[in-house]
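# Fold the stuff below for me.
(2 chains)
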Amino acid sequence: MANSIKVEIVSAEEEVWSGEGVMVFAPAEMGEIGIAPQHAPLLTRLKPGEVRVQLESGEEQFFYVSGGLLEVQGHVVTVLSDTALRAKDLDESAALEAQKRAEQALTDRASDLELAQAKAELLQAAAQLRAIQHLRSKGGRA
Amino acid sequence: MAGGKEIRTKIKSIENTQKITRAMEMVAASKMRRAQERMRAARPYAAKMRNVIAHLAQASLEYRHSYTQEREAKRVGFIIISSDRGLCGGLNINLFRAAVNELSTWQDKRVEVDVTVIGRKALAFFRRFSPTIVSEVTQLGDAPQFADLIGAIKVMLDAYTEGRIDRLFVVHNRFVSTMFQEPQVEQLLPIRAVAPEEALKAHWDYLYEPDAHAVVDALMTRYIESLVYQGVVENIACEMAARMVAMKSATDNAGNLIDELQLVYNKARQAAITQEIAEIVSGAAAV
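Below you'll find the model as predicted:
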């Protein structure tokens, strides 16, 4: 097994691929890297791009990753692929949005409650009106 | 036929309800299977992450991340995961009870609590219970996207990094079996030491690209996010299982009700016929 390397590609939502290869190419942040068997332990971030795995048969497998992390440890290369495009300001805006939604939900509470209350009062008033009309028509007959 | 017609209409209406609950049961059953698959599919990522973090803990790392450092708790954060829809038995209520218990033990210790809610039911509940809700995500659907969660979680992670909260917990339902789900409170931050799968030789460190700081940051963030994502996916499987069971018992109850009403109806019909015969006989006798 000295000249092959185990490759595992997983994303948060599913396991993408796993198998043996002789060489792995990945778009690391500082430029593309090639990993041969018995590579030193390495931990790096990935840029969006393609991960190529050279199989023993000489074939190549391609995977698109939209960023993520890559770990080399012993004979195992693990690609932790992101499922979403990530950038600092993208994440930032998502966070702000989640925050804003929460604030809105909290302020909406007043209007929601008021609406429910108003509806209940309206129903009550309508029922009273009906009752009065009913009584009047009865009274008229008597 | 006294009341015969009314009973018939009632039986009809219960039969219609039963049809609906039976349909919901079957839909929930098939959705549960898919949710369970999704749950299984999400597992390897978190497992691999845990491995890497365990390796990191073993490596003689020159940089210690704040996520691993224990601090005194002055303010804590909770991420509470619920379903968007109801009609799933006591699933959400049990979860909220567990969460409220946990929240009040902190509040008794005069520790303030921030909450991130995921799911409409949790939002509706905690809005009234009113600890500070700092972020929310709702309407995730049956197949939640990892990307939808990032924002809400980041609010909490930033709060932790900036020292506004000192602990972070996640509360969600754990899928034990189809018949049984239980609420679970897990500590996310600080990360509890993870035991590595195998002992590695001491004194080594990774090569980092571009540098340890950036890589470990990215790793830790994704790790926490993946744990929350798993919670969300598992909670959906729980929701579907709970709904399936609730709808099954509703269908059974409707069946019982129909049987009972049918009996009452038969008796009423019988009585009416007897009465009619008695009338005819007595009429004939009078002639």
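
# okay, now the residue of chain B found nearest chain A: neighbour count?
Chain B approaches chain A most closely through B:Gly151 (3.0 Å), counting by C-beta to the nearest C-beta. (Each C-beta comes from the backbone N, C-alpha and C, glycine too.) Counted with other C-beta atoms under 10 Å in any protein chain shown, residues neighbouring B:Gly151 total 23.

# That one looks like it's in a strand, true?
No. Under DSSP: H, G, I helix; E, B strand; the rest coil, B:Gly151 sits outside any strand and is assigned helix.

# From what I see, it and A:Asp91 are in contact.
Yes. Between B:Gly151 and A:Asp91 there is a contact under C-beta atoms under 8 Å: 7.2 Å.

# residues contacting the residue of chain B closest to chain A?
A:91, A:93-98, B:135, B:137 (C-beta atoms under 8 Å, 6 or more residues apart in numbering or on different chains).

# before we move on, which element is the residue nearest to it when sequence neighbours are not counted in?
Once flanking residues are discounted, B:Gly151 sits nearest to A:Ala94: 3.0 Å by C-beta to C-beta, 6 or more residues apart in numbering or on different chains. Assigned by DSSP states H and E, A:Ala94 falls within helix A:88-141.

# List the residue ranges of the chain that fall below the pLDDT cut-off.
I went with chain A, as the question did not name one. A:1-2, A:84-89, A:108-118, A:139-142 (pLDDT under 70).

# ah, I was thinking of chain B
For chain B, the ranges with pLDDT under 70 are B:1-2, B:60-63, B:130, B:193-204.

# Scan it for its longest helix.
helix B:212-286 (DSSP state H).

# quick one: it to chain centroid distance?
Computed by C-alpha atoms, centre = their mean, to the nearest Å, the chain-centroid distance of helix B:212-286 equals 19 Å.

# And B:Met32, how close does it get to B:Leu56?
36 Å (C-beta to C-beta, to the nearest Å).

# and the spatially most central residue of chain B, what does it touch?
Closest residue to the average C-alpha location of chain B: B:Asn235 at 3.4 Å, with C-alpha atoms, centre = their mean. Going by C-beta under 8 Å, 6+ apart, B:Asn235 touches B:81-83, B:119, B:172-173.

# Now tabulate those residues in TSV and tack on secondary structure, neighbour count and distance to chain A.
Output for these, formatted as TSV (DSSP: H, G, I helix; E, B strand; the rest coil; neighbours: other C-beta atoms under 10 Å in any protein chain shown; distance: C-beta to the nearest C-beta, whole Å):
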residue	secondary structure	neighbour count	distance to chain A
B:Ile81	strand	26	14
B:Ser82	coil	29	14
B:Ser83	coil	24	17
B:Gly119	coil	26	12
B:His172	strand	29	16
B:Asn173	strand	27	20
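
# Reformat these as TSV; add distance to B:Gly3.
What follows is these, written out as TSV (distance: C-beta to C-beta, whole Å):
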residue	distance to B:Gly3
B:Ile81	49
B:Ser82	44
B:Ser83	41
B:Gly119	45
B:His172	50
B:Asn173	45
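
# now, among the residues you listed, which is nearest to B:Val52?
Nearest to B:Val52 among the contacts of B:Asn235: B:His172, at 23.5 Å, using C-beta to C-beta.

# residues in contact with that closest one?
Neighbours of B:His172 in contact, by C-beta under 8 Å, 6+ apart: B:80-81, B:95, B:183-184, B:186, B:231-232, B:234-235, B:238.

# One more: B:Val233?
B:35, B:38-39, B:42, B:144.

# same thing with B:Leu219?
B:Leu219 touches A:43, A:69, B:49, B:52-53, B:56, counting by C-beta under 8 Å, 6+ apart.

# what does B:Ala122 give?
Taking C-beta under 8 Å, 6+ apart as the test, what B:Ala122 contacts is B:80-82, B:92, B:96.

# Does the residue nearest to B:Gly151 touch B:Ile150 like I think?
Yes. Judged on C-beta under 8 Å, A:Ala94 makes contact with B:Ile150 at a distance of 5.2 Å.

# Count the neighbours of residue 131 for me.
Looking at chain A here, since you left the chain open. Neighbours of A:Ala131 under the rule other C-beta under 10 Å: 10.

# sorry, should have said chain B
B:Pro131 has 18 nearby residues by other C-beta under 10 Å.

# what separates it from A:Ala36, distance-wise?
53 Å.

# Repeat that for A:Arg130.
86 Å.

# Would you enumerate the residues in contact with the residue of chain A found nearest chain B?
Residue of chain A nearest chain B, by C-beta to the nearest C-beta: A:Ala94 (3.0 Å). A:Ala94 is in contact with B:147, B:150-151, B:154, counting by C-beta under 8 Å, 6+ apart.

# Specify which member of the residues you listed is nearest to B:Ile277.
Nearest member of those to B:Ile277, counting by C-beta to C-beta, is B:Ala147, at 75.0 Å.

# what ranges do the strands span in the stretch 51-200 of chain B?
Counting by DSSP state E, counting those that start in this stretch, the stretch 51-200 of chain B has strands at residues B:75-81, B:112-118, B:132-137, B:167-175, B:181-189.

# ok, the last one near chain A or not?
What it means is strand B:181-189. No. For strand B:181-189, no contact with chain A is found by C-beta under 8 Å from any C-beta of the partner chain; the gap never falls below 15.3 Å.

# cool, and the third one?
Yes. Contact check for strand B:132-137 against chain A, using C-beta under 8 Å from any C-beta: residues in range are B:133-137.
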